[in-house]
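[1] Sequence and computational prediction follow.
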Amino acid sequence: MISGEIEKRRFRDSVAIKIAIIGGLILILLIPLGMVSSLVSERQARQKEASKEVADSWGREQVLAGPVLTVPYLVHVKNEKGLDIGTQTYWVRFLPETLKIEGNVETERRNRGIFEVAVYRTGLHWTGTFHQPSFEDWHVEPKDILWRDAYLAIGVPDMRGITSGVGLTWGNRTLQLAPGGAEDELWHSGLKVGIPDLEAGKAGDVHAFAFDLAVNGSEDLSFLPMGKETTVALKSNWPSPSFCGEFLPAKRTVRGTGFDALWNVSWFGRSYPQHWRTSEAKEQAPASALNASAFGVQLFQPVDAYQMTERSTKYAALFLVLTFLTFFLYEQFNPFSLHPVQYLLVGFALCLFYLLLLSISEHSSFGLAYLAAAAATVLLIGGYSAAILRGALRALLMTFVLGTLYGYLYVLLQLEDYALLLGSFGLFIILSLVMYLTRRIDWAGPRRGKPEVVPA
């Protein structure tokens, strides 16, 4: 009976068999890990839905454009004999010579359930100048220019974000901008106002304008550089801006309490001219070219809990391998064997760490959630190890190994730019340590220590 038990134990203690079983268990545990990853993606999608719901009621991303001065004129249609048989109306769009935008972006965090969304309210002061429109490029007779139908338009993608009336100062006159400023090939919604007395202007005249625009939005605030010289100066209380778009600020100061940024953009940096006919917009100033020239700032939120949890799950398989490897080495250096079920229970505890991390981080900071989830997992496996490893000292060492691994993972998550470098060095050190500890093991021979034989 004893010899049969020894044969069974030898078969069970075969290194190749044990490694194959451990490998199979790791593959099985990838299933719950995949479920956790899917749950993270699902919660991320729910957060985006919550952001959209807040944006729909507060104000979406704003890409502010303009102002653009549009003046129509008549073209006489002639027959084969050169006689006028009718007229067609064309429109010419003129961009400002100078454009300066100054404003303060006040940000705050809004909550939809447990999800947090960054929104802003901004008051912008716009000033600039237009030159007296010239039609020399199209050889238009002065009598055919419809000055009385000239108007100014400003692009505002989400009109619900406008929080007050917009009065425009044009020269010495005050005009009231109103909705209805949609412009083909430019923008789908905006503000519009008729511009009087242009006909009285002379070549070379300069028309100054100014207006204040108070607008709400979320996450992103951008502008189109429609001035020959465009200057945008923004101040905000948001501590982590992400400057985005075609142009970066010429000057910027980022502090823990907010940021200041200044853009200076010349018309040489864009692909569209200062004026064009609407019939030629697709060739000279397509909407894609205008949108591509946008620049501004995003209310960047440092890596949130879902992104951090998603990144941590990418190391889950490595954690399983290293933890199981530690238990496997315990078996090789001590006179006892661990059952596959024991490995499986430890693996489930490792998988549960990511679920704890996800659920706790939704209600607290990521650092606190990570500490709580890691501590719970390490204590659980450490306490279990005291029984299956048959010794408090072994369990203490196992606890230390797990604590080191989780501490190492947290450092990797924080050092995003250096994660690959630090991870590579860490794996090299771990492999070196394993090779050193197992350098004298005879893998083909019997395991060290006497196997425990259960009496018949």
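    Received it, and whenever you're ready, just let me know what you need. Numbers count the residues shown, from 1 in each chain.

[2] got the domain boundaries for the protein?
    Here the domain parsing of the chain from automatic domain parsing is 2-46+305-437, 61-298.

[3] right, and the helix or strand after the longest helix along the chain?
    The longest helix of the chain (DSSP state H) is helix 15-58. With elements assigned by DSSP states H and E, the helix or strand that comes after helix 15-58 is strand 62-78.

[4] beta partners of residue 262?
    Taking DSSP bridges as the rule, residue 262 bridges to residue 233, residue 251.

[5] Test my guess that it contacts residue 250.
    Yes. Using C-beta atoms under 8 Å, residue 262 is in contact with residue 250, at 5.6 Å. Quick note: C-beta positions are derived from backbone N, CA and C, even for glycine.

[6] my read is residue 260 is in a strand, agree?
    Yes. Per DSSP: H, G, I helix; E, B strand; the rest coil, residue 260 lies within a strand segment.

[7] so what's it closest to, chain neighbours aside?
    Spatially, and ignoring its direct neighbours in sequence, residue 260 is nearest to residue 253 (4.6 Å; C-beta to C-beta, 6 or more residues apart in numbering).

[8] My understanding was that the one you found contacts residue 241; is that so?
    No. Residue 253 lies out of contact with residue 241 (C-beta under 8 Å); the separation is 10.5 Å.

[9] Name the residues contacting each of these two.
    259, 261 (C-beta atoms under 8 Å, 6 or more residues apart in numbering).

[10] show me where the stretch 201-350 of the chain has strands.
    Ranges of strands in the stretch 201-350 of the chain, per DSSP state E, counting those that start in this stretch, are 206-218, 220-223, 229-236, 242-245, 251-255, 258-266, 275-277, 295-298.

[11] In a markdown table, list those strands along with mean pLDDT.
    Formatted as a markdown table, the strands of the stretch 201-350 of the chain follow (pLDDT from 0 to 100):
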| stretch | mean pLDDT |
| --- | --- |
| strand 206-218 | 92 |
| strand 220-223 | 92 |
| strand 229-236 | 95 |
| strand 242-245 | 90 |
| strand 251-255 | 92 |
| strand 258-266 | 93 |
| strand 275-277 | 92 |
| strand 295-298 | 92 |
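
[12] between the ones you listed, which gets nearest to residue 435?
    Of all those, it is strand 242-245 that lies closest to residue 435, at 43.9 Å by C-beta to C-beta.

[13] Of all the residues in the closest one, which ones are buried?
    Across strand 242-245, burial judged by 16 or more other C-beta atoms under 10 Å covers 243, 245.

[14] With stretch 86-105 instead?
    Of the residues in stretch 86-105, those buried (16+ other C-beta under 10 Å) are 90-97, 99-101, 103-105.

[15] What of stretch 68-87?
    Buried residues in stretch 68-87, counted by 16+ other C-beta under 10 Å: 68-74.

[16] Quick one: end-to-end length of that stretch, please.
    Chord length of stretch 68-87, first to last residue, is 25 Å (C-alpha to C-alpha, to the nearest Å).

[17] could you give the mean pLDDT of it?
    Across stretch 68-87, pLDDT averages out at 81.

[18] cool, stretch 104-120 as well?
    81.

[19] cool, and stretch 376-396?
    In this model, stretch 376-396 has a mean pLDDT of 89.

[20] And residue 262 and residue 250? Which one has more around it.
    Using other C-beta atoms under 10 Å as the criterion, residue 262 and residue 250 rank with residue 262 on top: 15 against 11.

[21] Tell me which of the strands of the stretch 201-350 of the chain approaches residue 410 most closely.
    strand 242-245 (24.3 Å).

[22] what pairs with that closest one, and is each one parallel or antiparallel?
    Sheet pairing of strand 242-245 (DSSP bridges) gives strand 295-298 (antiparallel).
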